[in-house]
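Participant: need a 3D model of the following:
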Amino acid sequence: MDIIIVLQCLSQCLDKTTLRQLSYIVPAVLAMTGRVTMLGISRWTEPGGSYRTIQRFYNSTIAWATVNWVLIWHHLLDPTDTILIGGDETVVTKAGQQTYGLDRFFSSLYGKPVPGLSFFGLSLISVKQRTAYPVMLEQTIKEAEEKPVPQAPQKKGKKSAKKSAQKRGRPKGSPNKNRRQVELKPYLIRIQTMLTKLLALLGVSLKVSYCVMDGAFGHNYALQMVRQCSLHLISKLRADTALYFPYTGSQKKRGARKKYGPKLDYAHIPDQYLKETTVQDGIQTHLYQMTMWHKLFPDPLNVVIIHKLNLKTQACAYVVLFSSDLELAYDKLIDYYRLRFQIEFNFRDAKQFWGLEDFMNVNQTPVYNAANLAMFMVNLSQVLLGHFRPTCPTFSVNDLKAYFRGRKYVAETLKLLPQRPEPIFIDQIFAHIAQIGSINAS
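Facilitator: Take a look at the predicted model:
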């Protein structure tokens, strides 16, 4: 398999020097063992890929979103497929004090804020292939207004004069707020800017209607941020969210029209909204779909409630999904939200195999390039795996790295021979050595 042929499509978005440097780096990252750092990559490159060459690449200005999109468009995208936009954040732990953007960010893996770097990524999610393809990855830099302001300790039993002077309720004469025109927080403005750039990059080549995000974006600010980009949001609400049925009674002749009906009782959801019931391994699952009001959202929501009941212990749990698209079917809404987790697999592979957790760069541009190179390798590995999986469906990233490492060893060994063997014999050597260290034989 010739990597140069796969990378040839990038000539329309990379200059010749950067593309040549990338052609040195990619085979080295595919074959190397150990941490993916600039020094480690330089040790595995072919002649011409010196440490200075790698260093120049990391300090170059590269439009990674365009690079990823061109690769996806030429090698991975199916025009008949349904594509979603998925967004999520990942935290990379880092020590020291000099790395650009170093701060304390909450890590779900550790369950607490940890020192490190935070990146927010947008991916294209293929419904047919059940895979996410990273396109954009931007570093999160905390603004001054986002950092918590330390409060001076107060003596017990005494209230501050400012707090005691405040009255309950809304100030007299204050107008109603337009919940469609909200003031977005800095982190939502950054994400909206990324969404706008991504949609401009896709242009008319790809039509996307839905943006899928996790429960951290299950609020009106995120919904309005996505709707301003002409997309529908699919996300999750709290399991105890206060939802209201639309009001169906008679309206008063004067005054505001009522829109909130009875509050939803999760333990007694009307059967008319039941869409599907299944039982598997002693767990009974009810799927409900309804149009509901939430008092913090200006428009009704398409709500899907997943009720799981343990038939033996009678323990139950609820999952509340929602979308701004009132016409979206319940099964598609659930399926689209489940596909959001494919982004986590991208982050896992980028950290485990492609250096997202390994890089030791400290300046802004090298940090940005190191993180985006890892996500680019996620896409490239999907292209390469597509050549092996028709004959070996279980072919993994570990097998891919073992294959290219074996080719590297064979190529270096052949250089030492006084006479080059016959091509058929070389192919047999490649096939045998490439299987060493692999988990699934191709």
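Participant: now do the strands in this protein.
Facilitator: With strands called from DSSP state E, the chain shows them at 83-93, 103-107, 112-126, 131-140, 210-212, 232-237, 244-246, 260-263, 274-280, 283-292, 301-310, 316-323.
Participant: from the contact counts, what lies against the first one?
Facilitator: With contacts defined as 3 or more Cβ pairs under 8 Å, 6 or more residues apart in numbering; DSSP states H and E, strand 83-93 has these neighbours: strand 103-107, strand 112-126, helix 186-202, strand 210-212, helix 330-339, helix 342-352. C-beta here means a position set from N, CA and C on the backbone, and glycine is covered the same way.
Participant: quick one: closest of the strands of the chain to residue 431.
Facilitator: Closest to residue 431 of the strands of the chain is strand 131-140 (Cβ to Cβ; 27.7 Å).
Participant: may I have that closest one as CSV, with CA atoms only?
Facilitator: The C-alpha atoms that make up strand 131-140 are tabulated as CSV, following Å, rounded to 0.1, in the frame of the first residue of the first chain:
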residue,chain,number,x,y,z
THR,A,131,-18.1,6.1,12.3
ALA,A,132,-17.1,9.6,13.2
TYR,A,133,-14.5,11.5,11.1
PRO,A,134,-12.8,14.4,12.9
VAL,A,135,-12.6,17.6,10.9
MET,A,136,-11.8,20.5,13.3
LEU,A,137,-10.0,20.6,16.7
GLU,A,138,-9.4,23.8,18.5
GLN,A,139,-7.7,24.4,21.8
THR,A,140,-9.8,25.8,24.6
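Participant: next, the angle from it to helix 186-202.
Facilitator: 130 degrees (axes from the mean of the first three to the mean of the last three Cα atoms, to 10 degrees).
Participant: just checking: what are the partner strands of strand 131-140?
Facilitator: If you go by DSSP bridges, strand 131-140 pairs up with strand 112-126 (antiparallel).
Participant: next one, pLDDT for residue 170 please.
Facilitator: Note on residue 170: pLDDT of 71.
Participant: and residue 439, by the same measure?
Facilitator: Note on residue 439: pLDDT of 68.
Participant: okay if I get the helices and strands packed on strand 83-93 as TSV plus mean pLDDT, mean neighbour count and distance to residue 5?
Facilitator: Formatted as TSV, these follow (pLDDT from 0 to 100; neighbours: other Cβ atoms under 10 Å; distance: least, Cβ to Cβ, whole Å):
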stretch	mean pLDDT	mean neighbour count	distance to residue 5
strand 103-107	90	16	39
strand 112-126	94	20	23
helix 186-202	94	17	24
strand 210-212	96	27	33
helix 330-339	96	18	30
helix 342-352	95	19	23
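Participant: in contact with residue 328, which residues?
Facilitator: 210, 232, 234, 302 (Cβ atoms under 8 Å, 6 or more residues apart in numbering).
Participant: redo that, cut-off 6 Å
Facilitator: Applying Cβ atoms under 6 Å, 6 or more residues apart in numbering to residue 328 gives the contacts residue 302.
Participant: sorry, back to before: residue 50: which of the helices and strands packed on strand 83-93 is closest?
Facilitator: helix 342-352 (25.4 Å).
Participant: ends of stretch 390-401, how far apart?
Facilitator: 18 Å (Cα to Cα, to the nearest Å).
Participant: hmm, back to that, okay, the helices and strands packed on strand 83-93 in TSV with distance to residue 400 next?
Facilitator: Shown next, in TSV, are the helices and strands packed on strand 83-93 (distance: least, Cβ to Cβ, whole Å):
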stretch	distance to residue 400
strand 103-107	28
strand 112-126	19
helix 186-202	28
strand 210-212	28
helix 330-339	23
helix 342-352	11
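Participant: return the most buried member of the strands of the chain.
Facilitator: Neighbour counts (mean count of other Cβ atoms under 10 Å) averaged over each of the strands of the chain peak at strand 210-212, with a mean of 27.
Participant: that one pairs with which strands?
Facilitator: Under the criterion DSSP bridges, strand 210-212 sits next to strand 83-93 (parallel), strand 232-237 (parallel) in its sheet.
Participant: one step back: nearest to residue 27, out of the strands of the chain?
Facilitator: Nearest of those (Cβ to Cβ): strand 131-140, 20.6 Å.
Participant: mind checking which of the strands of the chain is nearest residue 415?
Facilitator: Among the strands of the chain, strand 131-140 comes nearest to residue 415, with 35.8 Å by Cβ to Cβ.
Participant: just the mean pLDDT for that closest one, thanks.
Facilitator: Taken as a whole, strand 131-140 carries a mean pLDDT of 95.
Participant: contacts for that strand?
Facilitator: So strand 131-140 is contacted by 65, 68-69, 72, 76, 86, 101, 118-125, 194, 198, 342-343, 346, 371-372, 375, 378-379 (Cβ under 6 Å, 6+ apart).
Participant: same question for stretch 353-360.
Facilitator: Residues contacting stretch 353-360 (Cβ under 6 Å, 6+ apart): 35, 36, 37, 92, 350, 351, 370, 374, 377, 397.
Participant: check stretch 193-205 too.
Facilitator: Contacts of stretch 193-205 (Cβ under 6 Å, 6+ apart): 65, 69, 122, 136, 138, 229.
Participant: redo those as TSV? Include distance to residue 254.
Facilitator: As requested, those are exported to TSV (distance: Cβ to Cβ, whole Å):
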residue	distance to residue 254
65	54
69	55
122	48
136	51
138	51
229	39
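Participant: just to revisit the earlier point, out of the helices and strands packed on strand 83-93, which gets nearest to residue 285?
Facilitator: helix 330-339 (10.6 Å).
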